[in-house]
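Enquirer: The following comprises the amino acid sequence and a computationally predicted model.
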Amino acid sequence: MKASKLFQFITLLVILSMLLAACGGEVATPTAAPPAATDTPAAAAPTDTAAAPAEATATQGTSSEGAKFNGMTVDQIAAIKSDKPYKLLAVVKTLSNEYWQAMKTGYDKAAARAGVTIDTVSVPTEQDTDQQLSLLQQSLAKGYDAIMVSPITALNLIPGLADATKKNIPIINVDEKVDPTAAQAAGVKITSVIASDNKQAGALAAKYVIDNVKGGGKVAVIEGKAGNPSGQDRHDGFVSTIQGASGFTVVASQPADWDRAKALNVATNILQSNPDVAAIYACNDTMALGVVEAVKAAGKQGKVIVLGTDAIPEALATIKSGEMAGTVAQYPEQEGQIATGLAILALQGKPVTGFVPSPIKLLTKTDVEASGTSGGATPAAGSGGGAGTYNGMSVDQIEALKSDKPYKLLAVVKTLSNEYWQAMKTGYDKAAADKGVTIDTVSVPTEQDTDQQLSLLQQSLAKGYDAIMVSPITSLNLIPGLADATKKNI
C-alpha cells in the first residue's frame, strides 16, 4: 500500500468512527489477528520506503558468531522464559527515533514471550540528558526487579545507576555503554553489557569506501554528539581503517549532534571547502540523510559516496534509490530481546557478566533489493492484514467509504520538510477531495519541535474540527492537547 493511499484509508477510518458515533455505535477493536511477525528490526510508523532488513542472527557477520555466554548463544538468551512475572524497566533514549522505536518493539515482544512486564520510558530528544536521569531516578521508586538502560551519554545516568545498585537491582547496559571507570568510582555494579561493536561498524563503512574508491581520495566524517561513546567509536573505527589504507586523507571530521539539519549544514561546508571529496561517513542515518541533501544541493549526486549507520527505513529507501551507498545495520529489536533475557538470567541467579556483542552488517543496494519488497512497501504490506474485518468491514470497504456530511477534519503531522510527511499530506488531500470532506494539515519546522507541535494542536482545537488525526513527534508530547480534544468530545 503506497503511503498516500494508506493515509486516505486513515481518513476513512476517522469518517467511519464519526458515522458510528452519530448512530450511537461504538468503534470495535479490530477483529483481525495482528500482522504476522516479519523479523524486521524496526517498528516505526508505516512508510513509503524499502522494508527494514531481516532481523539478524548471531551468525550474521558479527563477533558473536558461534560464541556462547554461560553456555548459551545470543539467540538462546533472547528466547529464555521467566520463572516468575518479573517487573522490568527499560530506559531508552527517545522514541522519536526509529532505532529506539525498534528496541521498544523488541522489549514488547520479549515481555510477551517470556512472561514478564517491561515498562519502556524515554525522553523527547537525545539532548535531554538531565531529564533522562530524572526519569530513571523517579522510576526506581516503582519497585522494578531489574533495569535495562541505554544512556544518552556515557555519564549522564551514573547517579541513578548508583541508586539502583544500592537497592540491589540488576543493571543491564544496552547499546550505549556506561563509562566503566566512572561507574566503578560511583559504586555502580553493571551485570551485563549488550551492545554493537561500534568501532567495527565504522570499520565496515571504511572498508566499503576503500573497496569502491580506487586509488584513494579525500573522505570526511560527520560525528554524533561530542562525548558520546558510540559515535566516537564509530568515528575511530572509520578513521583508523581509512588511515590504514594508502591514498586516503580525512579532510574533515565534525560533529552534527545526531541532527539532520545540522548534518546538512556541516556537509554543505565540507563540500564547499573540499569539492573533490569522494566519500562522507555519518555516524548515524539521520545525519546521513542530511548529507544526502547537501550532496544533492551541490549537484554531486553519484560523485560522493554517502554512508550511515542504523538502517532506519528512510535510509534504506534512499539506498534503494541510489542516493546513499549503504548503512551499517544494527538490530535493536533483537538487542532488546537479548537484553531482556540477560535481565531474567540475572534475576534467576545465573548472570552473564561482561560484554555480549550484538549483530551488525553493512547493507548496500543489493541487500535492500534482495529483501524482496518494493520501495512502496509498508510494514503491513503482504501481511494478510487486509483479510481481517473491522466493524464487519474489510480495509477495502473502509477505503471505499464516502462521507454523508462535509466534515471538517484536522491532520497534525510532524514536519513537511520530510518526504514521508509530505506523502502523508498528499494522502490526506486526495482523501478530502474523494470523500467530500475538508482536511487541514498542519506541521512544525523540525522533529525537535515537540512543544511547538503541542501548541499548534491546542490552538487548532479552537477552530471547530469534527475529528482530528495526529502523528505526534514523541509518544508523550501531544497528551495535554489530546486530553483537551477528549473533553470536547472530538
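Expert: The structure has been received and is ready for your questions. Numbering: from 1, shown residues only.
Enquirer: For the stretch 251-400 of the chain, just list every one of the helices.
Expert: All helices of the stretch 251-400 of the chain, identified by DSSP state H, counting those that start in this stretch, fall at 260-273, 285-297, 313-320, 332-347, 365-369, 395-399.
Enquirer: just checking, which of these sits deepest inside the structure?
Expert: Sort the helices of the stretch 251-400 of the chain by mean neighbour count, taking mean count of other Cβ atoms under 10 Å, and helix 332-347 sits at the top with a mean of 28. All C-beta atoms are positioned from the backbone trio N, CA, C, and that covers glycine.
Enquirer: elements contacting that helix?
Expert: helix 74-78, strand 87-91, helix 98-114, strand 146-149, strand 171-174, strand 192-195 (3 or more Cβ pairs under 8 Å, 6 or more residues apart in numbering; DSSP states H and E).
Enquirer: Direction included, what does the last one pair up with?
Expert: Under the criterion DSSP bridges, strand 192-195 sits next to strand 171-174 (parallel), strand 354-357 (parallel) in its sheet.
Enquirer: Now the element after it, going C-ward?
Expert: Downstream of strand 192-195, the next assigned helix or strand under DSSP states H and E is helix 198-212.
Enquirer: could you dump that next one to CSV, C-alpha only?
Expert: Extracted C-alpha coordinates of helix 198-212, given in CSV (Å, rounded to 0.1, in the frame of the first residue of the first chain):
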residue,chain,number,x,y,z
ASN,A,198,30.8,0.4,17.1
LYS,A,199,34.4,0.5,16.1
GLN,A,200,33.7,-2.4,13.8
ALA,A,201,30.7,-0.5,12.4
GLY,A,202,32.9,2.4,11.5
ALA,A,203,35.5,0.0,10.1
LEU,A,204,32.8,-1.7,7.8
ALA,A,205,31.9,1.7,6.4
ALA,A,206,35.6,2.5,5.8
LYS,A,207,36.2,-0.9,4.1
TYR,A,208,33.4,-0.1,1.7
VAL,A,209,35.0,3.2,0.8
ILE,A,210,38.4,1.6,0.3
ASP,A,211,36.9,-1.0,-2.0
ASN,A,212,34.9,1.4,-4.0
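Enquirer: now for that helix, which elements pack on it?
Expert: Checked by 3+ Cβ pairs under 8 Å, 6+ apart, helix 198-212 has helix 229-243, strand 277-282, strand 305-309, strand 326-330, strand 360-364 packed alongside it.
Enquirer: and the spatially closest residue to Phe238 that is not a sequence neighbour, what does it touch?
Expert: Nearest in space to Phe238, with sequence neighbours left out and distances taken as Cβ to Cβ, 6 or more residues apart in numbering, is Gly202 at 3.6 Å. The contact partners of Gly202, by Cβ atoms under 8 Å, 6 or more residues apart in numbering, come to Asp233, Arg234, His235, Asp236, Gly237, Phe238, Val239, Thr241, Tyr281, Cys283, Thr309, Val328.
Enquirer: same thing with Thr268?
Expert: Ala294, Ala297, Ala298.
Enquirer: circling back: could I get the helices and strands packed on helix 332-347 in CSV, plus columns for mean pLDDT and mean neighbour count?
Expert: Listed next are the helices and strands packed on helix 332-347 as CSV, based on pLDDT from 0 to 100; neighbours: other Cβ atoms under 10 Å:
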stretch, mean pLDDT, mean neighbour count
helix 74-78, 92, 22
strand 87-91, 98, 24
helix 98-114, 93, 23
strand 146-149, 98, 26
strand 171-174, 98, 27
strand 192-195, 94, 24
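Enquirer: wait, which of those is closest to Val352?
Expert: strand 192-195 (5.2 Å; Cβ to Cβ).
Enquirer: Dump the closest one to CSV, keeping only the CA atoms.
Expert: The C-alpha trace of strand 192-195 is given here as CSV (Å, rounded to 0.1, in the frame of the first residue of the first chain):
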residue,chain,number,x,y,z
SER,A,192,25.8,-7.3,31.7
VAL,A,193,26.5,-5.2,28.7
ILE,A,194,24.8,-5.9,25.3
ALA,A,195,25.9,-3.6,22.5
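Enquirer: Could you dump the helices and strands packed on helix 198-212 into JSON lines and include distance to Gln138 and mean neighbour count?
Expert: Formatted as JSON lines, the helices and strands packed on helix 198-212 follow (distance: least, Cβ to Cβ, whole Å; neighbours: other Cβ atoms under 10 Å):
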{"stretch": "helix 229-243", "distance to Gln138": "25", "mean neighbour count": "21"}
{"stretch": "strand 277-282", "distance to Gln138": "34", "mean neighbour count": "27"}
{"stretch": "strand 305-309", "distance to Gln138": "31", "mean neighbour count": "28"}
{"stretch": "strand 326-330", "distance to Gln138": "29", "mean neighbour count": "29"}
{"stretch": "strand 360-364", "distance to Gln138": "33", "mean neighbour count": "20"}
